[in-house]
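Asker: sequence first, then the predicted structure, then my questions.
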Amino acid sequence: MSWKDILKTEDEKAHCGTHKEDEKMLVGNQKRIDKDKDGKITGKDFAMLRDEKKAIKTDAQIEKEILAEIKKEGGALGMKNLKAISPPKELKRVLNAMKRKKVIFMHKDGDIYTHRPR
């Protein structure tokens, strides 16, 4: 059988037969993004991914991200730098726990340090 015999005419689109001709398939890692398993990537899938990412963080992960941000900023920073890490309620809870353990220190103006402020 030659390659010409294998290929079909333009009217008969060649495909493996595992999906409908008019259906577009997800390829590669797109299946991981399709959270509602409907075969399409929509805004709903991205919203589900965002919610999943926010819900997974533990206190230890939040603490690690806070310390990384402080290190990145040179040892001191304000609260505005931490807003993207977690929701405000969780962030304040973890910060208070870190203060009790003396991992971080708060300046009277609200700045956060990894060493005692002067």
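Answerer: Looks like it came in fine.

Asker: who touches Lys57 in this structure?
Answerer: Shown in contact with Lys57 (Cβ atoms under 8 Å, 6 or more residues apart in numbering): 86, 90. Backbone N, C-alpha and C define where each C-beta goes, glycine included.

Asker: ok but Lys31 is inside a helix, no?
Answerer: Yes - judged by DSSP: H, G, I helix; E, B strand; the rest coil, Lys31 forms part of a helix.

Asker: can you offset everything so residue one is 48?
Answerer: Renumbered: residue one is now 48, and that last one reads Lys78.

Asker: what comes up buried for the helix or strand harbouring Ala144?
Answerer: Assessed by DSSP states H and E, Ala144 sits inside helix 135-147. Going by neighbour count (16 or more other Cβ atoms under 10 Å), the buried part of helix 135-147 is 138, 141-142, 145.

Asker: Pro164: neighbouring residues, count only.
Answerer: Neighbours of Pro164 under the rule other Cβ atoms under 10 Å: 12.

Asker: let me know the pLDDT of the nearest residue to it once chain neighbours are set aside.
Answerer: Closest residue to Pro164 apart from its sequence neighbours, by Cβ to Cβ, 6 or more residues apart in numbering: His154 at 4.3 Å. The score at His154 is 86. That number is its pLDDT.

Asker: any idea how far Gly90 is from His154?
Answerer: According to Cβ to Cβ, to the nearest Å, His154 and Gly90 sit 42 Å apart.

Asker: and the two? Which one has more around it.
Answerer: The residue with more neighbours, out of His154 and Gly90, is His154; 13 against 7, by other Cβ under 10 Å.

Asker: now name the helix or strand holding Asp92.
Answerer: Going by DSSP H and E, Asp92 is part of helix 90-103.
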